[in-house]
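1. sequence plus the predicted model coming up.
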Amino acid sequence: MTDLKPLFDAVIRLETEVWNGVDSALRAACDLPMTWLDILRMLERTDGCRVQDMAQEFAITIGGASKVVDRVEKAGYCARRANPEDRRSSIVELTPAGRQILDKALRVFDEELRRRFGPALDDGEAEKLTATLTRLRSVGHTGDAGREAGQRPLPAMRKSVQRDQPIA
C-alpha cells in the first residue's frame, strides 16, 4: 500500500495555508474573520438555524459555536429570536447588516478561492477533487459511527476546529 503520510501532510498544510490566506483577505477587505463568514454563510442557507446546528456542521462544541455567534451578534450581523418549537433554544438569523457584509465578503471569498485554486484546477478537476474529499470525509464519519455502535471502526476523525485567529 502507498505511504499515505505525504498525502496527509499535503492536505493539512494546504488547509492551513488556504484558511490563513482567505482569512487575511477577508480581514483586510471586510474586517471579517473567516470563522464569521462560515457562520454567515450557514445562516444564509439554513432556515431556522440554531447554535446546535452550527456546532454539528462545523464539528465544534455547542459552547464554542455559541461564543462565535455571540461575537457575530455583537457586531450586528445576526440576531437570535426565541425558537417557537423549543423554548430551550434560539433561532439565529442574518440581520440586514449581516446580509450586506456577507455579500461583500462572498465577493472577496470567491476571488481568493479563484486565485488559489483556479490556476491549478479546471472545473472538472475541481469537481472531482471535491467529490474525493467528500468521500474521504464520509468514510471517516462512517468509521466514527461504527465506533459508537460497538463495531471495530476506523479511529475517530479529527474534529474540525474553526479558528478566530490565523495560525502563525
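-> Everything's here; your move.

2. under the pLDDT cut-off, which ranges of the chain? List them.
-> 143, 145-168 (pLDDT under 70).

3. quick one, strands of it?
-> 78-82, 90-94 (DSSP state E).

4. buried sites along the first one?
-> If I follow you right, that is strand 78-82. For strand 78-82, a neighbour-count test (16 or more other C-beta atoms under 10 Å) marks Cys78, Arg80 as buried. The way it works is simple: take the backbone N, C-alpha and C, and place the C-beta from them, glycine included.

5. stretch 48-59 now?
-> Under 16+ other C-beta under 10 Å, the buried positions of stretch 48-59 are Cys49, Arg50, Val51, Asp53, Met54, Ala55, Glu57, Phe58.

6. now do that stretch: everything it contacts.
-> For stretch 48-59, contacts defined as C-beta atoms under 8 Å, 6 or more residues apart in numbering pick out 38-39, 42-43, 46, 60-62, 64-66, 68-69, 83, 89-93, 159-160, 162.

7. just to revisit the earlier point, determine which two of the buried residues of stretch 48-59 are furthest apart.
-> Pairwise distances among the buried residues of stretch 48-59 were taken by C-beta to C-beta; the largest, 13.0 Å, belongs to Arg50 and Phe58.
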